[in-house]
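> need a structure here:
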Amino acid sequence: MEDLSKRLVDKSIEAFIMGLEIYNKPTIKYRIEGFSFFVCNAWELMLKAELLKRGGSIYFPDSDRTISLEGAIRKIYTDKKQPLRVNLEKIIELRNTSTHFITEDYETIYAPFFQSCVLNFSEQLKRFHNIDVTDYIAQNFLTLSVN
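Have a look, this model is predicted:
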């Protein structure tokens, strides 16, 4: 399981960096949606790796299907009012809407949620996996550029 956990974290970091790169490219019109897809994927993989480290399962009983991001969040952040959890749930909501419908350009509304999400991811990656994301991407890329 340790190997799987490491692979999940490695992939999580890649997804996180992809989200940052998409968001910070001003020529991409689909950047808010793209960021939400990749950052949700990054969180899901990172949290699943943490569940495995804790000796938990990431699979549904009697299945090879893994739990969702929402399921991982509920297992790790049990307080429904915790700001980090609330932040993630807002971004998941945007991701889910973006997947099935056209979203308006809500950049000014979502930018603070996104920026908090980036900082939270960085902190939780360090907390759970003792990895400093700035070993992979420069510190200044953790600040999102907003139009």
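
> low-confidence ranges, this structure, go.
The chain contains residues with pLDDT under 70 at 1, 100-106, 147.

> quick one: the helices in it?
Using DSSP state H, the helices of the chain run over residues 2-23, 31-53, 69-76, 83-100, 107-129.

> export those to CSV and tack on distance to D62?
Any C-beta I mention is one placed from the backbone N, CA and C, and that applies to glycine too. Formatted as CSV, these follow (distance: least, Cβ to Cβ, whole Å):
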stretch, distance to D62
helix 2-23, 19
helix 31-53, 18
helix 69-76, 16
helix 83-100, 26
helix 107-129, 28
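
> for Y110, what are its contacts?
By Cβ atoms under 8 Å, 6 or more residues apart in numbering, the contact set of Y110 is 32, 36, 90-91, 94.

> make it 7 Å
32, 94 (Cβ atoms under 7 Å, 6 or more residues apart in numbering).

> separation between it and V146?
Shown here: Y110 relative to V146, a distance of 10 Å by Cβ to Cβ, to the nearest Å.

> and for R85?
24 Å.

> between these two, point out the one with more neighbours.
Comparing R85 with V146 by other Cβ atoms under 10 Å, the one with more neighbours is R85, at 17 against 13.

> for that one, which non-adjacent residue is spatially closest?
Y77 (4.2 Å; Cβ to Cβ, 6 or more residues apart in numbering).

> sorry, back to before: deepest of the helices of the chain, which one?
Most buried of the helices of the chain by mean neighbour count (mean count of other Cβ atoms under 10 Å) is helix 31-53; its value is a mean of 23.

> by contact count, what packs against it?
helix 2-23, helix 69-76, helix 83-100, helix 107-129 (3 or more Cβ pairs under 7 Å, 6 or more residues apart in numbering; DSSP states H and E).

> now I137, nearest residue through space, not along the chain?
That would be I17: by Cβ to Cβ, 6+ apart, it lies 5.4 Å from I137.
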